[in-house]
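Novice: my questions concern the predicted model and sequence given below.
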Amino acid sequence: DVIFPGDIEKLEVLGHGNGGTVYKVRDKRTSSIYALKVVQSSSDATTRRRIKTETEIHSRAADSPYVVRYHGSFESPLSGDVAILMEYMDSGTLETLLKTKGTFDEASLAKVARDVLNGLNYLHARNIVHRDIKPANLLVNSKNEVKIGDFGVSKLMCRTLDPCKSYVGTCAYMSPERFDPDAYGGNYNGYAADIWSLGLTLLELYMGHFPLLQEGQRPDWATLMWAICFGERPSLPGGVSAEFRDFVECCLKKESSERWTAPQLLTHPFLCKNDPET
Ligand code: ATP
Ligand code: MG
């Protein structure tokens, strides 16, 4: 169903991001409600580059119930503004829900984890690394569905998970970075970075503050880098189930090759135990 920019009517501002504004809009012909992210042509070069990447990647990830639906993008021939039309998520983000409703219990976190992992599974299978999984980029609707949004810094990987299997021909002719990307400047296992971010997100929703810092501690770059690379895994309060504790540990393994993948985590006991279908 084609939606024309001329039929879109702005209703209200939903949020401001790093260079764009997101509006709640209505298609005058059908009365359907959408969200529209607009980046003005007067924005800086980085922001404009970001919206192009975002459009390209989001359009390749348009048909999963676990990713905010992409309905098209427009570029105004007059002003040069770029806009992305997407599904409206009427309960906002997990960041705002944490602020308004308070911390999440384990059953709600299992539901969040399952939806996000299904989304990551879908993206990773299409060679897309999201790279910005955090409460502010996970959207919720009144059906209590959680969906991944904001593809502003996502990346399309040109390698699949197993370079040997995806290579047609023999491995002998592969370039060095396909064997050892860390040593040769590639970013081979970016997928595991999304799992790390999911682990931190779940902890934050459980604890009520960013888990790698003490409450009130300043999140400057050096402190964060130290905490991420050398810090102990954040300790969970007593009363946490063994399954949740283990799930978070599987997400937060420092060595990226040991971290569980989305399909593996979808079979973890924490999700099975909290599965309403069983
Ligand atoms: P940042 O870089 O700061 O995360 P951004 O420019 O990338 O921001 P988004 O994260 O895409 O922008 O959106 C900004 C805000 O707009 C969100 O935090 C959310 O409050 C709101 N928003 C975005 N998309 C939707 C949507 N589909 N439905 C409802 N609200 C949305
Ligand atoms: Mg965002």
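Specialist: Done, it's in. Numbers count the residues shown, from 1 in each chain. Ligands and ions are numbered 1, 2, ... in the order given.

Novice: OK, contacts around Gly15?
Specialist: Contacts for Gly15 (CB atoms under 8 Å, 6 or more residues apart in numbering) come out as 21-22. Using the backbone N, CA and C atoms, a C-beta is placed for each residue, glycine as well.

Novice: so what strands line up beside whatever helix or strand it lives in?
Specialist: If you go by DSSP states H and E, Gly15 is part of strand 8-16. Strand 8-16 has its sheet partners listed here by DSSP bridges as strand 20-27 (antiparallel).

Novice: quick one: the strand it pairs with near ligand 2?
Specialist: No: Strand 20-27 stays clear of ligand 2 (CB under 5 Å from the ion), getting no nearer than 9.0 Å.

Novice: what's the mean pLDDT across that strand?
Specialist: Here strand 20-27 scores 95 as its mean pLDDT.

Novice: pull that strand out as CSV, backbone CA atoms only.
Specialist: Written as CSV, here are the backbone C-alpha positions of strand 20-27 (Å, rounded to 0.1, in the frame of the first residue of the first chain):
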residue,chain,number,x,y,z
GLY,A,20,15.9,14.1,13.9
THR,A,21,12.4,14.6,15.2
VAL,A,22,9.9,11.8,15.4
TYR,A,23,6.2,12.8,14.9
LYS,A,24,3.0,10.9,15.3
VAL,A,25,1.3,11.3,12.0
ARG,A,26,-2.0,10.3,10.2
ASP,A,27,-2.6,9.1,6.7
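
Novice: how about residues contacting the next helix or strand after it?
Specialist: Next along the chain after strand 20-27, taking DSSP H and E as the criterion, comes strand 33-39. For strand 33-39, contacts defined as CB under 8 Å, 6+ apart pick out 3, 8, 10-11, 14, 17, 19-27, 47-48, 50-51, 68, 71, 81-89.

Novice: gap between strand 33-39 and the chain center?
Specialist: With CA atoms, centre = their mean, to the nearest Å as the basis, strand 33-39 stands 18 Å off its chain's centre.

Novice: buried stuff in that strand?
Specialist: Going by neighbour count (16 or more other CB atoms under 10 Å), the buried part of strand 33-39 is 34-39.

Novice: in space, not sequence, find me the middle residue of the protein.
Specialist: Nearest residue to the geometric centre of the chain (CA atoms, centre = their mean): Ile133, 3.4 Å.

Novice: show me what contacts it?
Specialist: Counting by CB under 8 Å, 6+ apart, Ile133 touches 116, 120, 148, 194, 197-198, 201.
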